[in-house]
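# Pasting a predicted model and its sequence here:
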2 protein chains.
Amino acid sequence: MAEPSARPTRAQQRRQSEERILAAARQTFAELGYDRTTIRAVASAAGVDAGLVMHYFGSKDLLFARAAEVPANELPSGTSDEVAEALLRSLGRRLAGEPTASLAVLRSILTNADAADRYRAAGEPQLNQLTEAIPTSDAGLRASLLSAIVHGVIAERYLLNLTHLADASPEQIIDLLRPCFQSLATAPSAEQ
Amino acid sequence: MAEPSARPTRAQQRRQSEERILAAARQTFAELGYDRTTIRAVASAAGVDAGLVMHYFGSKDLLFARAAEVPANELPSGTSDEVAEALLRSLGRRLAGEPTASLAVLRSILTNADAADRYRAAGEPQLNQLTEAIPTSDAGLRASLLSAIVHGVIAERYLLNLTHLADASPEQIIDLLRPCFQSLATAPSAEQ
DNA sequence: CCATTCGGTCAACGGTCGTAGAATCAACGC
DNA sequence: GCGTTGATTCTACGACCGTTGACCGAATGG
């Protein structure tokens, strides 16, 4: 438990400051979106001066890019059923855990033009995986619809605060959504 | 066809200016969201001075409120199947028509605090109708999920520009979504 | 024909923002 | 110990925003 030193070294100080700034940035971007988030507010929330934020991150855009990095959520490959179920579980996890991470991006998509590109780029591998797992010729569209449902549910729960969605348990939600996912992932009977 | 007068009366001039401002506002709010939309830009797009916008609409917030008025999209009541189908058709219409109207609100939800309330308020009657038509005890949640899907699809098509969603025809989309809507609107077999 | 209304413009205000650069001060290498 | 580096703050600039109030000129109405 003994700290290596009571007084932090310079490198440690810098890393610590950068991380506090990043955390404050994520939080603020998530709450306010890109435009309403000011560097001054982020700096103040991190307990530092606005100039320091600029010094470390260069510009507001670059700060946002760093704050909005998304861990890229790998999806195991397999049959369309398996992938649908995996996507469902991934949604459940996002509904159960801290929303801050995805909220920052989600909320900023509508304010920052680059954010939409970034978000699309981040979700693309997952989308491609999904597409490849679906055996129909309209797999791309089906995968996009699945993605739309996931994002719609998250947005409506956290941004719009629809009471029924905000109060429901993740399990309840994904149980209701399962038939949807299955019908989209695996072409059911269907004509042709 | 003869115009009643070559020179417009004052009242006509005012109405015409107000409408041009409103149209420009809707367009700009839809493209840029609330924050990035400036009164000066709206005024310039409408070919008038920024002061005039203030003069007629009072403030940016009030202008937004006027520009973001949504026609409230009535949903016919009936069995859950019928209502689900009606909701599906309504989605098809929104995918086929001009997106500007709902886009302004959608894009501004995250920047203007009132926009989320307004959006929720606008969708609430529809949500209640949906809820009442669904026979299960978790009808509220099911209706919210349906709403989330609708909004997710619209957002992903117009804001995120997912290619497969943006290119697909409304019919194709609602055909794929139909089983989803049915499974959510009418409790299928399901345990209990 | 003249006074009044009113659509519309102009210039300016207070405020805030992103950003740059000088200034401060403690930690570091020698 | 001392010069240097680097983390951090301070101050200020320039741009832009929402909003205001004075101002202009043409239509209006008596």
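That came in fine, so what should we check first?
# which element follows the lengthiest helix in chain A toward the C-terminus?
Longest helix in chain A, counting residues (DSSP state H): helix A:10-36. Sequence order places helix A:39-46 as the next helix or strand after helix A:10-36, per DSSP states H and E.
# Now do the buried residues in stretch A:38-58.
Neighbour-count burial for stretch A:38-58 flags A:39, A:41-43, A:46, A:48, A:52-53, A:56-57 (criterion: 16 or more other Cβ atoms under 10 Å in any protein chain shown). All C-beta spots, glycine's among them, are computed from the backbone N, C-alpha and C.
# Stretch A:12-22 too?
Quick answer for stretch A:12-22 (16+ other Cβ under 10 Å): A:17-18, A:20-22.
# for the helix or strand containing residue A:117, the distance to its chain's centre please.
Using DSSP H and E, residue A:117 maps to helix A:113-133. How far helix A:113-133 lies from its chain's middle: 11 Å, per Cα atoms, centre = their mean, to the nearest Å.
# Rounded mean pLDDT for stretch A:175-192, please.
Across stretch A:175-192, the average pLDDT comes to 79.
# The helix or strand bottoming out on mean pLDDT in chain A near DNA strand C at all?
Every helix and strand of chain A was ranked by mean pLDDT, DSSP states H and E. The lowest is helix A:100-109, at a mean of 74. No - Helix A:100-109 lies out of reach of DNA strand C by Cβ under 7 Å from any atom of the strand, never closer than 12.5 Å.
# so that helix versus helix B:10-36, what angle?
Interaxial angle, helix A:100-109 versus helix B:10-36 (axes from the mean of the first three to the mean of the last three Cα atoms, to 10 degrees): 150 degrees.
# got a list of contacts for helix A:100-109?
Under the contact criterion Cβ atoms under 8 Å, 6 or more residues apart in numbering or on different chains, helix A:100-109 has outside partners A:26-27, A:29-34, A:64, A:67-68, A:70-71, A:94, A:115-116, A:118-119, A:122, A:151, A:154-155, A:158-159, B:110, B:159-160.
# how close does the residue in chain A that DNA strand D sits nearest to get to residue A:38?
Nearest residue of chain A to DNA strand D: residue A:51, at 2.7 Å (Cβ to the nearest atom of the strand). Distance, residue A:51 to residue A:38, using Cβ to Cβ, to the nearest Å: 13 Å.
# Check residue A:69 too.
From residue A:69 to residue A:38 the distance is 21 Å (Cβ to Cβ).
# What of residue A:122?
From residue A:122 across to residue A:38, the span is 25 Å (Cβ to Cβ).
# Not including adjacent chain positions, what is the nearest residue to residue A:127?
Excluding the flanking residues, the one nearest residue A:127 by Cβ to Cβ, 6 or more residues apart in numbering or on different chains is residue A:143, at 5.4 Å.
# Next, count neighbours for that neighbour.
Counted with other Cβ atoms under 10 Å in any protein chain shown, residues neighbouring residue A:143 total 27.
# Tell me the backbone dihedrals of it, please.
The phi/psi pair for residue A:143 (degrees, to the nearest 10) reads phi -60, psi -40.
# was I right about it contacting residue A:134?
Yes - under the criterion of Cβ atoms under 8 Å, residue A:143 makes contact with residue A:134 at 6.2 Å.
# quick one: contacts for the residue of chain A found nearest chain B?
Nearest residue of chain A to chain B (Cβ to the nearest Cβ) works out as residue A:152 at 2.0 Å. By Cβ under 8 Å, 6+ apart, the residues touching residue A:152 are B:148-153, B:155-156.
# of all these, which comes closest to residue A:77?
residue B:156 (23.0 Å; Cβ to Cβ).
# so how far is DNA strand C from residue A:122?
To DNA strand C, residue A:122 is 23 Å away according to Cβ to the nearest atom of the strand, to the nearest Å.
# does the closest residue to that residue other than its chain neighbours sit in a helix, a strand or a coil?
Nearest residue to residue A:122, sequence neighbours excluded (Cβ to Cβ, 6+ apart): residue A:70, at 4.6 Å. What DSSP: H, G, I helix; E, B strand; the rest coil gives for residue A:70 is coil.
# Next, the contact list for residue A:70, please.
Here residue A:70 is in contact with A:101-102, A:105, A:119, A:122 (Cβ under 8 Å, 6+ apart).
# Could I get the pLDDT score of the closest residue to residue A:126 other than its chain neighbours?
Nearest in space to residue A:126, with sequence neighbours left out and distances taken as Cβ to Cβ, 6+ apart, is residue A:75 at 5.3 Å. According to the prediction, residue A:75 has pLDDT 74.
# which phi and psi does residue A:75 have?
Backbone torsions of residue A:75, given as degrees, to the nearest 10, read phi -120, psi 120.
# ok, now residue A:68?
Backbone torsions of residue A:68, given as degrees, to the nearest 10, read phi -100, psi 10.
# I'd assumed residue A:117 was in contact with it.
No - counting by Cβ under 8 Å, residue A:117 is not a contact partner of residue A:68; they are 11.3 Å apart.
# so is residue A:77 in a helix, a strand, or just coil?
Three-state assignment for residue A:77 (three-state DSSP): coil.
# contacting residues for it?
Here residue A:77 is in contact with A:83, A:129, A:132-133 (criterion: Cβ under 8 Å, 6+ apart).
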